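[1] need a 3D model of the sequence below.
(2 chains)
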Amino acid sequence: NAGVMQNPRHLVRRRGQEARLRCSPMKGHSHVYWYRQLPEEGLKFMVYLQKENIIDESGMPKERFSAEFPKEGPSILRIQQVVRGDSAAYFCASSPPGGLFANTGELFFGEGSRLTVL
Amino acid sequence: AQSVTQLGSHVSVSEGALVLLRCNYSSSVPPYLFWYVQYPNQGLQLLLKYTTGATLVKGINGFEAEFKKSETSFHLTKPSAHMSDAAEYFCAASLGNTPLVFGKGTRLSVIA
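    Purely as a prediction, here's the structure:
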């Protein structure tokens, strides 16, 4: 039973390029969450999605960042025109149907995608 | 807004000694509480969680945590540290209808 799958595990981009990070939730899970981890900062919530629907994007930067979770395929976190400050580990998590209300908030995490911007 | 505070960004203990990692939350309503562990270059693994019921919660690898409403705390303990416990530990909280809010983490070092 595969867990949350993220790819790529490591991604290097030059300033101004685009970064796309992918996340496939655990089998049977229909809710996806993206978090960013900066050194000494812990994990910061970015966005919470259900299939074809953004439920909460209160943690997303207003510009250059977007996320989607299409009907078919993985969730994608997209960062346009990357800057050095975007260098971080991006973690995806998933939860079963019903989302937070039904599951006491417990999340299941992937191994993360580590973005380095040169 | 809900927040989670972990006292001590780095804790160092000797092998066999007690491990105590502190976590306090701020919430007018008792939240659901979690401890996750992260090994280098890996994702987060759930150690234990408190939702309702017994306030002393036992988790994996010999860890346990006690929910104290009066102190708004959820400290993590282990009676005897092992070298393999060296990792980063995150306390997190949720009100059940909000995404998990994490503390900044505590890096645990275990000295032989």
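
[2] got a list of what the residue nearest the centre of chain A touches?
    Centroid check for chain A by C-alpha atoms, centre = their mean gives residue A:34 as the closest residue, at 3.1 Å. Residues counted as contacts of residue A:34 (C-beta atoms under 8 Å, 6 or more residues apart in numbering or on different chains) are A:23, A:46, A:47, A:49, A:67, A:75, A:77, A:90, A:91, A:92, A:93. From N, CA and C alone the C-beta is placed, and that goes for glycine too.

[3] just give the nearest non-adjacent residue to it, would you?
    Nearest non-adjacent residue to residue A:34, counting by C-beta to C-beta, 6 or more residues apart in numbering or on different chains: residue A:46, 4.4 Å away.

[4] format the contacts of residue A:34 as a markdown table; extra columns: pLDDT and neighbour count.
    Listed next are those as a markdown table, based on pLDDT from 0 to 100; neighbours: other C-beta atoms under 10 Å in any protein chain shown:
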| residue | pLDDT | neighbour count |
| --- | --- | --- |
| A:23 | 97 | 25 |
| A:46 | 96 | 22 |
| A:47 | 96 | 23 |
| A:49 | 93 | 24 |
| A:67 | 97 | 22 |
| A:75 | 97 | 23 |
| A:77 | 98 | 26 |
| A:90 | 97 | 23 |
| A:91 | 96 | 26 |
| A:92 | 96 | 29 |
| A:93 | 94 | 27 |
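
[5] closest to chain B out of those residues?
    residue A:91 (6.3 Å; C-beta to the nearest C-beta).

[6] beta partners of that closest one?
    Going by DSSP bridges, residue A:91 is paired in beta bridges with residue A:35.

[7] how close does it sit to residue A:110?
    6 Å (C-beta to C-beta, to the nearest Å).

[8] mutual contacts of those two, please.
    A:6, B:43.

[9] ok so, going back, pLDDT score assigned to the residue nearest to the centre of chain A?
    You'll see residue A:34 listed with a pLDDT of 97.

[10] tell me the contacts of residue B:112?
    Going by C-beta under 8 Å, 6+ apart, the list of residues near residue B:112 reads B:14, B:15, B:83.

[11] one more: residue B:31?
    So residue B:31 contacts A:105, B:2, B:25, B:93, B:94, B:95, B:96 (C-beta under 8 Å, 6+ apart).

[12] among these, name the ones in strands.
    Using DSSP state E, the subset of the contacts of residue B:31 located in strands is B:25, B:93, B:94.

[13] wait, doesn't residue A:90 sit right on residue A:111?
    No: using C-beta atoms under 8 Å, residue A:90 is not in contact with residue A:111; the gap is 11.0 Å.
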